[in-house]
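In: this one's structure only:
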């Protein structure tokens, strides 16, 4: 892959937790076109949230949605280890149809300056001369706009996202309420 590299935390096409990419080349083609047309706006840290509405919907088949609606049936869930923690996830067969698809994309320098990128991953990216952008994750969701997950919310508050330092208390309370409401209805899926 030239120009674009996949981060070491991006599950991308693997069986696992959350969104699963079924047609990776269509994602890369979309990103390449968007970057070439200057449609991707990177912030001062080299981070971009890239909406991909053309890739959503049942007829597209580009992604398997990362969420489904919670059920009260125990057998609908599986236990999986994800980022060092075991949790219950809805089985992928109950994933909703993706209504929203987006990519978290970093410039090479933005990725290398992210505090969550460890030394081994930084060395890997530095060793790829024609890597200009790094896909950090692909998000496919359903229902209302998915806020950050509760765990990511806490990590961002603790310094994982420098932009959050500027948010006032009212904004953070609103974001916390949105996160709680969403995650009471929707559950992450897993294989």
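Out: Structure received. Fair warning: this is a prediction, and the values are worked out from it, not measured in the lab.
In: By residue count, tell me the biggest strand in the protein.
Out: Of all segments of type strand in the chain, defined using DSSP state E, the longest is strand 131-141.
In: residues contacting the closest residue to residue 99 other than its chain neighbours?
Out: In space, and not counting its chain neighbours, residue 99 is closest to residue 142: 4.9 Å by CB to CB, 6 or more residues apart in numbering. Backbone N, C-alpha and C define where each C-beta goes, glycine included. By CB atoms under 8 Å, 6 or more residues apart in numbering, the residues touching residue 142 are 65, 67-68, 96-100, 186.
In: Filter those residues down to just the ones in strands.
Out: Counting by DSSP E, the contacts of residue 142 contribute 67-68, 100, 186 to strands.
In: which one of those residues sits closest to residue 133?
Out: residue 100 (21.0 Å; CB to CB).
In: in terms of contact, does the closest one touch residue 56 like I think?
Out: Yes: shown here, residue 100 and residue 56 form a contact pair, counting by CB atoms under 8 Å, at 6.0 Å.
In: any residues in contact with both of those two?
Out: When CB under 8 Å, 6+ apart defines a contact, the residues bordering residue 100 and residue 56 alike are residue 140.
In: who has more neighbours, these two?
Out: Set side by side, residue 100 and residue 56 show more neighbours around residue 56, with 21 against 18, by other CB atoms under 10 Å.
In: Just the buried ones from the contacts of residue 142?
Out: Of all the contacts of residue 142 considered here, the ones buried according to neighbour count by 16 or more other CB atoms under 10 Å are 65, 67-68, 96, 98-100, 186.
In: Show me what counts as buried in the lowest-mean-pLDDT helix or strand in the chain.
Out: When the helices and strands of the chain are compared on mean pLDDT, DSSP states H and E, helix 150-155 comes out lowest with a mean of 89. Judged by neighbour count using 16+ other CB under 10 Å, the buried positions of helix 150-155 are residue 153.
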